[in-house]
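Engineer: return atomic coordinates for the entry below.
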Amino acid sequence: MRAASDSMTGDAIFPGDVLVVDSAIEPGDDKIVVVWLGTDHCVKRLKLAGEMPVLLSSNPAYEPIYLHPGDDVRILGVVTFVIHKLR
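Structural biologist: Modelled structure (predicted):
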């Protein structure tokens, strides 16, 4: 898939980058994942510590997304490689 926003620039994932996503890898704490949230998808870092899972951007301009029981969420896979042009 292609990254669409600048929410993960702190992890060197830039808009337009090609992401290789492996759906066979178990999503775990601190993994960068592709998540389906309701009717949209996003790329975030998954944190499992604490009361509820949270999705974090590596760009401080974006707020954390807390996952509550009953939320329409599906983790599609773990990002394993990022391909981008040298800037």
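Engineer: partner strands of the lengthiest strand in the chain, with direction?
Structural biologist: As assigned by DSSP state E, the longest strand anywhere in the chain is strand 73-83. Sheet pairing of strand 73-83 (DSSP bridges) gives strand 18-22 (antiparallel), strand 32-37 (antiparallel).
Engineer: and these, which is most packed in?
Structural biologist: Among the strands paired with strand 73-83, strand 32-37 has the highest mean neighbour count (mean count of other Cβ atoms under 10 Å), at a mean of 18. Using the backbone N, CA and C atoms, a C-beta is placed for each residue, glycine as well.
Engineer: okay, now the unreliable bits of this protein?
Structural biologist: In the predicted model, the chain carries pLDDT under 70 at residues 87.
Engineer: where do the strands of the protein begin and end?
Structural biologist: For the chain, strands defined by DSSP E occupy the ranges 18-22, 32-37, 40-47, 54-56, 65-66, 73-83.
Engineer: show me what counts as buried in the longest one.
Structural biologist: Translated: strand 73-83. Buried residues in strand 73-83, counting neighbours by 16 or more other Cβ atoms under 10 Å, are found at I75, G77, V78, V79, V82.
Engineer: the closest residue to D22 other than its chain neighbours and L46: what is the separation?
Structural biologist: With sequence-adjacent residues excluded and distances taken as Cβ to Cβ, 6 or more residues apart in numbering, D22 is closest to T80, at 4.9 Å. Between T80 and L46 the computed distance is 14 Å (Cβ to Cβ, to the nearest Å).
Engineer: again with R74
Structural biologist: From R74 across to L46, the span is 13 Å (Cβ to Cβ).
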